[in-house]
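[1] no sequence for this one, just the structure:
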């Protein structure tokens, strides 16, 4: 079974655009769970342009499914994760000023840095995942530094899906097969949507979890949040 984790950053972006507490990020997270989502993902950034530190602390008290905190592992992020102790911490190599994640880790170049953080989180009972491109050397590097899972960065798959989906998915299938052989769990995320999700799920039988935010929240404007979540879950059947 592939779990759906809903990234609620865009809900916080909308709230912050006007001030106040509308929409209510905490309520929306609870609604997502109530409507069938099996996880809640947040990616707090240093400038708090969407999810804020206060949000993360409040979400920890009420999320009953898997809570996933993404972020660049600076000291602020590390301390937050150790305090909150989410089910999963996903490490991404984002500089603080980027709009969204745009590359995976070089797990060999940054092996020592990542290994130390992963060891610290795992000692605290927190599952770790690292954001990676679908490359053999990168996957092998991920296994060598002790992470529990990888999250495949799926932008290239999504960008080329309508041009040639068979070739677009090939490197991800190869990467997933290798990761599975090496004992790594497999997550995926970035630009996955109602068009391309089912094909990925069909091709990668080892897929543990997908994290989807922008597309899902955008679809909810047309279909409603409850209906949208059910539509995404159906793609993962």
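    Arrived safely, thanks for sending. All figures in this text were calculated on a predicted structure; none of them were measured in a lab.
[2] Please enumerate the helices of the protein.
    Assigned by DSSP state H, the chain shows helices spanning 9-18, 25-34, 53-62, 75-84, 111-123, 136-144, 155-181, 197-203, 214-223, 225-235.
[3] thinking residue 184 is in contact with residue 150, fair?
    Yes - using CB atoms under 8 Å, residue 184 is in contact with residue 150, at 5.5 Å. Using the backbone N, CA and C atoms, a C-beta is placed for each residue, glycine as well.
[4] Between the two, point out the one with more neighbours.
    Per other CB atoms under 10 Å, whichever of residue 184 and residue 150 has more neighbours is residue 150, with 31 against 23.
[5] didn't the more buried one look like it was pressed against residue 135?
    No - counting by CB under 8 Å, residue 135 is not a contact partner of residue 150; they are 10.9 Å apart.
[6] anything in contact with each of the two?
    Applying CB atoms under 8 Å, 6 or more residues apart in numbering, one finds that residue 150 and residue 135 are jointly contacted by residue 175.
[7] Tell me which of the helices of the chain is the most buried.
    Of all the helices of the chain, helix 25-34 has the most neighbours on average by mean count of other CB atoms under 10 Å, namely a mean of 19.
[8] so that helix versus helix 225-235, what angle?
    Between helix 25-34 and helix 225-235, the angle formed by their directions is 40 degrees, by axes from the mean of the first three to the mean of the last three CA atoms, to 10 degrees.
[9] Now do the most centrally placed residue in the chain, the pLDDT please.
    For the chain, the residue sitting closest to the mean C-alpha position, by CA atoms, centre = their mean, is residue 211 at 4.1 Å. The per-residue pLDDT reported for residue 211 equals 98.
[10] Return the residues in contact with it.
    Going by CB under 8 Å, 6+ apart, residue 211 touches 5, 6, 7, 39, 41, 68, 70, 90, 151, 187, 188, 189.
[11] And the helices of the chain: which comes nearest residue 46?
    Among the helices of the chain, helix 75-84 comes nearest to residue 46, with 6.6 Å by CB to CB.
[12] Looking at the contacts of residue 211, which is nearest residue 205?
    residue 188 (12.7 Å).
[13] Who does the closest one form a beta bridge with?
    For residue 188, the beta-bridge partners are residue 152, residue 210 (DSSP bridges).
[14] what is in contact with residue 184 and residue 150 at once?
    139, 142.
[15] So the residue nearest to residue 11 when sequence neighbours are not counted versus residue 34, what's the distance?
    Once flanking residues are discounted, residue 11 sits nearest to residue 28: 4.8 Å by CB to CB, 6 or more residues apart in numbering. Using CB to CB, to the nearest Å, residue 28 is found at 10 Å from residue 34.
[16] same question, residue 27
    10 Å.
[17] how close does the residue nearest to residue 11 get to residue 139?
    34 Å.
[18] I'd like the contacts of residue 211 laid out as TSV, including pLDDT and neighbour count.
    TSV is the format used below for these (pLDDT from 0 to 100; neighbours: other CB atoms under 10 Å):
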residue	pLDDT	neighbour count
5	98	25
6	98	31
7	98	24
39	98	23
41	98	27
68	98	26
70	96	26
90	98	28
151	98	29
187	98	25
188	98	25
189	97	25
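[19] count of neighbours near residue 129?
    For residue 129, the neighbour count with other CB under 10 Å is 27.
[20] Skipping its backbone neighbours, what lies nearest it in space?
    Distances taken as CB to CB, 6+ apart place residue 149 nearest to residue 129, at 4.0 Å, with adjacent residues excluded.
[21] got it, and residue 231?
    Spatial nearest neighbour of residue 231, excluding adjacent residues (CB to CB, 6+ apart): residue 194 at 6.1 Å.
[22] re the thing from before, just checking, the residue nearest to residue 11 touches residue 225?
    Yes - with contacts counted by CB under 8 Å, residue 28 reaches residue 225, the gap being 7.4 Å.
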